[in-house]
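>>> What follows is a predicted structure for the sequence shown.
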Amino acid sequence: MASTCAKHPCIILFNKTFFLLAIVTAIQGCKGNKLTYDSNCDEGIAFKKVKFNELVSHIKTYDQQYIEVSGTYMESKEQSALYNDSLFTDHSNKHALWINFSQDCPLYLKGTHTGLFEPTNGEFVLVNNKKLKIRGKIDLHNTGHLGQYCAAIDRISFVEFK
């Protein structure tokens, strides 16, 4: 004798509700809490969104231009650089960008006066090895510590990460 439980309207409604709840929860979990820090030092500037590979491959054409790019930020002693986060690319310093944070463009957490490099609740925001979206000005003549990088991003006025 076949079971008729699966055909009951309450069971079907429960399954649909559970499925929709699971989808909503998954979407909210994917969004995560992004931290956005910005500065008003370059307000009114139009930033050109560019893919990391495009930027590094044609770096000379972007010199002195304001860009927005994403990558993985790495910091350590004498290192402040953005690397391509693709698995299928060269990750050497010559294919990375020196990140030149400056006091000229102080970055504050959106809606607060908390700076990116200020402790919050006694702790600093950890940005090392995080995927960043960053806006700034390309400087081909600044190649970072010991001239190891293809160019620098100066006048950083926006940083976003999870």
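Okay, I see it. For clarity, every value in this text was computed on a predicted model and none was experimentally measured. Numbering: from 1, shown residues only.
>>> which residue is nearest the middle of this protein?
L132 (1.9 Å; Cα atoms, centre = their mean).
>>> If you count neighbours, what's buried in the helix or strand encompassing T72?
For T72, the element it lies in under DSSP states H and E is strand 66-76. Using 16 or more other Cβ atoms under 10 Å as the test for burial, strand 66-76 gives 66-74. In short, each C-beta sits where N, CA and C put it, glycine included.
>>> now stretch 92-103
Those would be 93, 95-101, for stretch 92-103 by 16+ other Cβ under 10 Å.
>>> just stretch 41-55 next, same as before
42, 47, 50, 52, 55.
>>> what's near enough to touch N40?
Contacts for N40 (Cβ atoms under 8 Å, 6 or more residues apart in numbering) come out as S157.
>>> where's it relative to R155, distance?
Using Cβ to Cβ, to the nearest Å, we find N40 at a distance of 12 Å from R155.
>>> on that earlier part again, so which residues make contact with the strand holding T72?
Residues contacting strand 66-76 (Cβ under 8 Å, 6+ apart): 42, 45-52, 55, 80-85, 97, 99, 127-138, 153, 155, 158, 161.
>>> just for the protein, where's the confidence low?
Residues of the chain meeting the criterion pLDDT under 70: 1-32, 87-91.
>>> thinking again about what came up before, quick one: which of the buried residues of stretch 92-103 is nearest to I59?
Using Cβ to Cβ, L97 is the member of these that lies nearest I59, at 8.6 Å.
>>> just to revisit the earlier point, in helices only, show me the contacts of strand 66-76.
Those of the contacts of strand 66-76 mapping onto helices are 52, 55, per DSSP state H.
>>> returning to what we had before: next, format the buried residues of stretch 41-55 as CSV and append distance to E118.
Converted to CSV, those look like this (distance: Cβ to Cβ, whole Å):
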residue, distance to E118
D42, 21
F47, 25
V50, 30
F52, 28
L55, 29
